[in-house]
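Novice: please work out how this folds:
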Amino acid sequence: MMPAWVYIATAIWVILEALASIWLVGRARTVRTPIDAVISTVMLGWVAFLLIAAVSR
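Specialist: Numbering: from 1, shown residues only. Predicted structure coming up:
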């Protein structure tokens with residue numbers, strides 16, 4: 001399995017991506033751009049990866 005710092009770094013990355021997507025949605029209140037959808041998808045992918053890694057550890 002991967003070392004613990006990989007999970008910590010991934011968790012920090014997920015938090016940063018969540019903040020970035022919140023900021024982007026706040027900047028473009030009227031239109032939800034494709035970039036917002038991509039960021040949300042990537043963020044959900046990282047969350048799923050973290051959950052799977054934590055369970056299988």
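Novice: tally of neighbours for E17?
Specialist: By the measure other C-beta atoms under 10 Å, the count of residues near E17 is 18. Placement of C-beta: from N, CA and C, glycine included.
Novice: brain fart, A9
Specialist: Residues lying near A9 (other C-beta under 10 Å) number 11.
Novice: next: the one 10 residues further on.
Specialist: Close neighbours of L19, defined as other C-beta under 10 Å, add up to 10.
Novice: next SSE downstream of whichever strand or helix holds it?
Specialist: For L19, the element it lies in under DSSP states H and E is helix 4-27. Next in sequence after helix 4-27, counting helices and strands by DSSP H and E, comes helix 34-56.
Novice: state the pLDDT value of the residue positioned nearest the centre of the chain.
Specialist: In the chain, the centroid-proximal residue (C-alpha atoms, centre = their mean) is M43; its distance is 2.5 Å. You'll see M43 listed with a pLDDT of 77.
Novice: setting aside sequence neighbours, what's the nearest residue to it?
Specialist: Excluding its sequence neighbours, the residue lying closest to M43 (C-beta to C-beta, 6 or more residues apart in numbering) is E17, at 4.6 Å.
Novice: show me what contacts that neighbour?
Specialist: Residues near E17 by C-beta atoms under 8 Å, 6 or more residues apart in numbering: 39, 42-43, 46.
Novice: repeat that for 10 Å
Specialist: 39-40, 42-47 (C-beta atoms under 10 Å, 6 or more residues apart in numbering).
Novice: cool, L19 as well?
Specialist: If you count contacts by C-beta under 10 Å, 6+ apart, L19 has none.
Novice: if I look at V6, how far off is L50?
Specialist: Taking C-beta to C-beta, to the nearest Å as the measure, V6 falls 10 Å from L50.
Novice: these two: which has the busier surroundings?
Specialist: L50 (15 against 11).
Novice: quick check: that one touching I15?
Specialist: No: using C-beta atoms under 10 Å, L50 is not in contact with I15; the gap is 11.0 Å.
Novice: low-confidence regions, this structure specifically.
Specialist: Within the chain, the segments meeting pLDDT under 70 span 1, 24-33, 36-37, 57.
Novice: one more time with 80
Specialist: 1-11, 13-14, 17-57 (pLDDT under 80).
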